[in-house]
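Novice: I would like to see how this sequence folds:
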Amino acid sequence: MSRGSFGFPVAPQRAKALGEIHARPSPLLETPRVIVQLAFMTDGGASVDHAVLADLIRARGLSAPQKDARHHTLSWGQGMLRWERHTEFSTYAWEGPVPDRFDGELVGHPFGDGFNPPGSLISGVRLEIRKWTDEEEAQAIRIFDPSSLCYSLVEDGRAAALTDFRQDKDGLTRILVLDKGLSPARAGALTQRLIEIETYRTLAMLGLPQAQTLSPEIRRIEDRLTEITQKMRENAREDADAMLTDITRLAAELEANAAAGLYRFGASRAYDGIVLERIKALHEQAVPGYDTWGAFLERRVAPAMRTCRSVEERQVNLSRKLARATQLLRSWIDVELEKQNSALLHSMNRRAKLQLRLQQTVEGLSVAAISYYVVGLVSYLAKALSDLGLPIDPALVTGLSVPVVVLVIFLIVRGIRQHHRREDEDAAKGKASDGDYDI
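Specialist: So this is what the prediction gives:
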């Protein structure tokens, strides 16, 4: 662990936490200038993105940045190329001299045939910042589409920002900034803010196709749930198992769809929040006859964001309804199981009674059988004593021993049964006592 200037140990993440505030500094921009920024989805991961950047830099005889770098800047022709890595995309922004006229042909940029993109293009912006003249203003108004032209005064009237949010022949969204006395720092901050509005606006809209895909699936699950609840309303208890299976399958489908859209919807909310923050930071002043950036995007982007939120809310509400329906069906099934268990216990009770009666019958027979054998032994004993000369009548002795033997055997068997019953009662009392102190 490293130590600071006072000798204290420094937390491992301190440098990264402090450096994040300077991770994406606004460039110092002299007027006039043009900026072309391309944003690519990095589906292949950070390693692919870094490899593309490293090849681009080594081709110019320079050293590539470290693999954990988040941004890098290098000279390119008469301008600068800035690379930045974000969570799911990376941006390449080239700043160079403006052409002779707005929307003219660009030269000297790195995005030619030799450029190898790290992924699919998601956003492209061409921003030109020029000195504010009546000629530049009139030319821009003629080039932009009047049906979607946004024209606002920013930076306390020291600049104007114009765009129609449409793409040119190169697939780039055109933005013009007219400068009436911006410092290089303010010009750089303004252009970065405008480019981020377009970039994050595009990324926020990625949630809309996902919402449009999931909406029919949610409607299908809702309709099926309605059918099942109607059956439940008709008290179709005999179909409870089948309905529970259907609801479980619907819940699994809903959760799979929710998991598929979880990241995309969350990212769209975050990107939309950034767009709103950047628009608020512009402090726009409306130009009569034209839309402001904020008003235009509120009218065009907000409905898409509401659609995404609506789909998320429907998923949450539908999940709750499925859970409640599942709970009701399980209650039905539990009641049926309790009925079956009650019938089973009743049957077991009847069998126990029958077994007890059979056991009592067997015990009665066992008394007679044992008495028979004991009386037989007494008869043998009496005959033996008579043969020895004792004045005993074996038949009389045998006959008199019968009631005595039967009574004794009966008492012995009853005593054994009562002893076993007392043991069972003591065991039951012991269990109840243990239960009283069970914590």
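Novice: what residues does stretch 266-285 touch?
Specialist: Residues from elsewhere that reach stretch 266-285, judged by C-beta atoms under 8 Å, 6 or more residues apart in numbering: 87-88, 152-157, 161, 193-194, 196-197, 200-201, 203-208, 292-294, 297, 301, 305, 308-309. C-betas here are computed from N, CA, C, even on glycine.
Novice: pull out the buried residues from those residues.
Specialist: By neighbour count, with 16 or more other C-beta atoms under 10 Å, those hold 152-155, 161, 193-194, 196-197, 200-201, 203-208, 292-294, 297, 301, 305, 308-309 as buried.
Novice: can you list the weak-confidence ranges in the protein?
Specialist: 1-6, 19-25, 235-238, 360-365, 431-439 (pLDDT under 70).
Novice: could you chop it up by domain?
Specialist: What automatic domain parsing lists as the domains of the chain is 27-204, 207-282+301-340.
Novice: Ser401: which of the ones you listed is closest?
Specialist: Closest to Ser401 of these is domain 207-282+301-340 (C-beta to C-beta; 55.8 Å).
Novice: where is the longest helix in the chain?
Specialist: Counting residues, the longest helix found in the chain (DSSP state H) is helix 302-387.
Novice: helix or strand right after that helix?
Specialist: Remark: after helix 302-387, the chain's next helix or strand is helix 394-436, criterion DSSP states H and E.
Novice: between that next one and helix 302-387, how big is the angle?
Specialist: 160 degrees (axes from the mean of the first three to the mean of the last three C-alpha atoms, to 10 degrees).
Novice: so which of the buried ones among the contacts of stretch 266-285 sit within strands?
Specialist: Mapping the buried ones among the contacts of stretch 266-285 onto strands (DSSP state E) picks out Ser152, Leu153, Val154, Ala161.
Novice: number of residues surrounding the closest residue to the second one other than its chain neighbours?
Specialist: So that's Leu153. In space, and not counting its chain neighbours, Leu153 is closest to Gln285: 3.9 Å by C-beta to C-beta, 6 or more residues apart in numbering. Neighbours of Gln285 under the rule other C-beta atoms under 10 Å: 13.
Novice: phi, psi of Leu38?
Specialist: Per-residue torsions, Leu38: phi -120, psi 130 (degrees, to the nearest 10).
Novice: just the one 3 residues further on next, same as before
Specialist: As for Met41, its main-chain torsions (degrees, to the nearest 10) stand at phi -70, psi 130.
Novice: now Ser123, which residues is it bridged with?
Specialist: Bridge pairing for Ser123 (DSSP bridges) gives the partners Ala39.
Novice: and it, what does it touch?
Specialist: Taking C-beta under 8 Å, 6+ apart, we find Ser123 in contact with Gln37, Leu38, Ala39, Thr173, Glu198, Thr199, Thr202, Leu203.
Novice: return a PyMOL selection command for the buried portion of those residues.
Specialist: Of those, the buried ones can be selected in PyMOL as follows, counting by 16+ other C-beta under 10 Å:
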select buried, resi 37+38+39+173+198+199+202+203
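Novice: helices - which of the contacts of Ser123 land there?
Specialist: If you go by DSSP H, those have Glu198, Thr199, Thr202, Leu203 in helices.
Novice: I'd like these laid out as TSV, including distance to Arg219.
Specialist: TSV is the format used below for those (distance: C-beta to C-beta, whole Å):
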residue	distance to Arg219
Glu198	33
Thr199	33
Thr202	28
Leu203	27
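Novice: noted, bye for now.
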